[in-house]
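Student: would you be able to build a 3D model of this:
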Amino acid sequence: MHLALDNLRKRSGGAPHQVKPGLYYSRWHDSFDATRLMLTDIWSELSVKGDVVARLVDPNTVWVTGSHDAENLQQLISQTPSATLNPYLLVLKEGTWSPCQFPREHLLWVGYRKMVQKAQQRDYAEQSGFLQSRKDVL
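Tutor: Just a heads-up that it's a prediction; the model follows:
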């Protein structure tokens, strides 16, 4: 594992692209952008408000902002395509990624829940369709 991470680090020269203050996206576009979340030092060095929060859109695209940056968090929730690798926001704390959780009273809670529910409904429909098409095997 260490060798693989060292090789990825060598391929990763430079920081993610800054779109505007506090909002970044991965710039490598080599199908390893999401994997680079394992290189936590790349992300922890970014200038964001609060903890680093990431959204994995696909293997080539990761969006990042800060946990105390409501405007940029709203962009991650509302302007990222719904067909994503992972609908959940991840937060980096003490070198470890974990699911980002908003309290119910947070102004972004409703929008975030809607985004997650929409992705879950999409996944359920896809899986149900696949299982229905495979009744002969089941």
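Student: which stretches of the protein form strands?
Tutor: Assigned by DSSP state E, the chain shows strands spanning 17-20, 23-25, 52-58, 61-66, 89-93, 96-99.
Student: which one of these lies closest to R11?
Tutor: strand 61-66 (15.1 Å; CB to CB). Quick note: C-beta positions are derived from backbone N, CA and C, even for glycine.
Student: give me the distance from that closest one to the chain's centre.
Tutor: Centre-to-centre, strand 61-66 and its host chain are 6 Å apart (CA atoms, centre = their mean, to the nearest Å).
Student: list the contacts of that strand.
Tutor: Residues from elsewhere that reach strand 61-66 (CB atoms under 8 Å, 6 or more residues apart in numbering): 16, 22-26, 29, 33-34, 36-37, 43, 46, 48-57, 72-73, 75-76, 80.
Student: same deal with stretch 31-50?
Tutor: Stretch 31-50 has contacts (CB under 8 Å, 6+ apart) with 5, 8-9, 11-12, 15-16, 21-22, 24, 26, 28, 52, 54, 56, 58-62, 64-69, 85, 90, 92, 95-97.
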